[in-house]
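just to be clear, the model below is a prediction. Sequence and coordinates:
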Amino acid sequence: MPLDELDNPFQPTADWPPLDGSLLGEARPTLPIFPLHVLPGRWRTWVDASSRLFGSADYLAHCLLGGVASVGGAGIRIEVASHWREPLLLWQALVGGPSSGRSAAFARVCALLAAGGPGQERPVEEGGDLVAPEVLFDAGLHRVCSTLSGEVCGVLLWREDLAEWMEEASQRPARSAWLAAWNAASAMIDDWPKPCYSLVVAGALSPGYTGADSTLASRFLYVWPARGAAASLTDADADDAGIVALLQRIAALASHREQPCVVPFDAGAARRLEALMQAIRQRTDAAEEEGLGDAAVEWIGRGVATVVRLAGVLSLMEWAESGAEGLPVGVRHIKAAHELWSAYHLPHALAVFDRAGARPGDQAARRVVRWLGRVRVPQISREDVRREALCQSVDAAGAEEVLARLEAGGVLRPLPATGSTRGGPRRRRWEVNPAVSAVGAGALSYGPRASGSLMRRAGGSRSGRP
């Protein structure tokens, strides 16, 4: 059964088609829970124990992955092939409403980082003392770059309002510097080069906003969990000291950014990734064909690089607790990283992009649906849409595009045009689906149609199981 049929309680009303759930209401979709089994043992145990305070593990596990990535900084690279080394960087968006636990989860991981692992001086062969990483709160580009100009391996930047950061980051000339930072590259700022060698960005994001810059939006890993079970203050068995020791071991592995420690792929991992590259390319093409929008298409297109980075983080976490000498990325790390990307992060990202109106016209169309739910009229005209619902934020052509989207979504259908008895222009009106009146009472559920089919192809799960 299609996902929109599962999510949408309003099946055809009389001779109306089903409503497109992606245009309805403000409720969140049901998304997979974080697959804790992909984390190595001691890390998994810590997340499970520590997350009792938050009611769910999603935000905390998400932040922990970013924390592990940040301790390596620019001093660790994942080598897929001799010509391809991926930086150990993850950008993370914690999506949810106020008091959802986003900032608290980040603070919990920051407490580990401040406890003695990263942030402490440690010797390197050449370059003196190296500090990695430094945590900055709500800092701008120049503060980040001035920090990175010093002898730090990297910066972990937290933005309490990630939407504000996205607006700032999309402005020139800062945009090129932020994009370079995702690749641990240097960039020109104010006509002189400043290093953006290693920057992990994390922040709180409200549902419904990913910014107008799809290239920036596509670089984030999104997590949008449901509100968890009742919180518990009992987390005494969370082994903070043990996790700090593991973080210290990873931090000590990192070398100077000019001569980073290289974590290689073994032969099996390379073959596995090669097979996944074709599958991810096909998913990207499918997303484009389904019209999911530039941000979604670009996000999926970055899937190979993201899987490599996640595999590197997971391999380091396993290495830190195993005490092994060798440090290759193996097949099991690629499998776990791909599962995390495809069965968890992909459906979360698609839901966020769908809510944000990744498809052209969706944001305006949703405004019209909410307006229709308030006014509850049986018919409307194009001028009603343009003037009343959208407050003249679109012209006549734009209103026509919105009307076409609403027709395709089963919200409206055209009525026969009527003409003036004096030969004037024919008047056009649209009939409103009676089910839309339920939007005003918040009774419609949210079920993205286009993203649903891609979630099934990607192996996403609505039950919370991978």
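All right, it came through fine.

isn't P18 up against G409?
No - if you go by Cβ atoms under 8 Å, P18 and G409 don't touch, sitting 9.4 Å apart. No exception for glycine: its C-beta is placed from N, CA and C like everyone else's.

and those two? Which one has more around it.
Applying other Cβ atoms under 10 Å to P18 and G409 shows that G409 carries more neighbours, namely 22 against 19.

please name the residues that touch that one.
Taking Cβ atoms under 8 Å, 6 or more residues apart in numbering, we find G409 in contact with L19, D20, S22, L23, A365.

which one among the residues you listed gets closest to W371?
Checking the contacts of G409 against W371 by Cβ to Cβ gives A365 as the nearest, at 10.6 Å.

that closest one: which element?
Using DSSP states H and E, A365 sits within helix 362-375.

what comes up buried for that helix?
Buried residues in helix 362-375, counted by 16 or more other Cβ atoms under 10 Å: D362, A364, A365, R366, R367, V368, V369, R370, W371, L372, G373.

equivalent analysis for stretch 167-179, please.
Within stretch 167-179, the residues that qualify as buried are A169, S170, A174, R175, A177, W178, L179, counting by 16+ other Cβ under 10 Å.

quick check: E388 touching V368?
No - under the criterion of Cβ under 8 Å, E388 makes no contact with V368, lying 9.4 Å away.

give the residue spans of the stretch 101-250 of the chain that score low on pLDDT.
Low-confidence segments of the stretch 101-250 of the chain (pLDDT under 70): 116-133, 149-154, 186-198, 228-236.

where do the helices sit along it?
102-114, 141-148, 162-169, 174-182, 214-217, 240-253 (DSSP state H, counting those that start in this stretch).

with distance to G312 added, can I get those helices in TSV?
Formatted as TSV, the helices of the stretch 101-250 of the chain follow (distance: least, Cβ to Cβ, whole Å):
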stretch	distance to G312
helix 102-114	18
helix 141-148	21
helix 162-169	24
helix 174-182	15
helix 214-217	22
helix 240-253	11
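
out of those, nearest to G72?
helix 240-253 (6.0 Å).

quick one: mean pLDDT over the next helix or strand after the closest one.
Using DSSP H and E, the helix or strand that follows helix 240-253 in sequence is strand 261-264. Averaging pLDDT along strand 261-264 gives 92.

partner strands of strand 261-264, parallel or antiparallel?
The pairing partners recorded for strand 261-264 under DSSP bridges are strand 76-81 (parallel).

can I get the following helix or strand past the partner strand in PDB? Just the C-alpha atoms.
Per DSSP H and E, the first helix or strand lying C-terminal to strand 76-81 is strand 84-87. Provided in PDB are the C-alpha atoms of strand 84-87 (Å, rounded to 0.1, in the frame of the first residue of the first chain):
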ATOM      1  CA  TRP A  84      40.700  10.400  -3.000                       C
ATOM      2  CA  ARG A  85      40.900  11.300   0.600                       C
ATOM      3  CA  GLU A  86      37.700  12.400   2.400                       C
ATOM      4  CA  PRO A  87      37.900  14.700   5.500                       C
END
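
contacts for strand 84-87?
Residues from elsewhere that reach strand 84-87 (Cβ under 8 Å, 6+ apart): 74, 77-80, 183-184, 198, 262, 305, 308-309, 312.

now stretch 409-418: buried residues?
G409, G410, V411, L412.

can you list those residues in a markdown table and add secondary structure and distance to W224?
Putting these into a markdown table (DSSP: H, G, I helix; E, B strand; the rest coil; distance: Cβ to Cβ, whole Å) gives the following:
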| residue | secondary structure | distance to W224 |
| --- | --- | --- |
| G409 | coil | 22 |
| G410 | coil | 25 |
| V411 | coil | 25 |
| L412 | strand | 29 |
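
between those residues, which is nearest V352?
G409 (19.5 Å).

give me the phi and psi angles of the closest one.
Phi and psi for G409, reported as degrees, to the nearest 10, are phi -90, psi 0.

roughly how far does R108 sit from A57?
Going from R108 to A57 by Cβ to Cβ, to the nearest Å gives 11 Å.

circling back to that earlier point, now render the buried residues of stretch 167-179 as CSV, adding distance to R143.
Listed next are the buried residues of stretch 167-179 as CSV, based on distance: Cβ to Cβ, whole Å:
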residue, distance to R143
A169, 14
S170, 18
A174, 12
R175, 17
A177, 12
W178, 13
L179, 18
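
and those, which two are furthest apart?
S170 and A177 (11.9 Å).

strands along the stretch 201-350 of the chain, start to end?
Counting by DSSP state E, counting those that start in this stretch, the segments of the stretch 201-350 of the chain that form strands are 220-223, 261-264.

could you list the buried residues of the last one?
In this case it means strand 261-264. C261, V263, P264.

residues near the residue nearest to the first one when sequence neighbours are not counted, how many?
If you skip the residues right next to it in sequence, C261 has S255 as its closest partner in space, 4.6 Å away by Cβ to Cβ, 6 or more residues apart in numbering. Applying other Cβ under 10 Å, we find 22 other residues in the vicinity of S255.

kindly report the same for the one 10 residues further on.
Neighbouring residues of F265 were enumerated by other Cβ under 10 Å; the total is 26.

and the gap between it and T306?
Per Cβ to Cβ, F265 is found 15 Å from T306.

who's in contact with the nearest residue to R376 once chain neighbours are set aside?
Nearest non-adjacent residue to R376, counting by Cβ to Cβ, 6+ apart: S437, 4.7 Å away. Contacts for S437 (Cβ under 8 Å, 6+ apart) come out as L372, G373, R376.

that'll do, ta.
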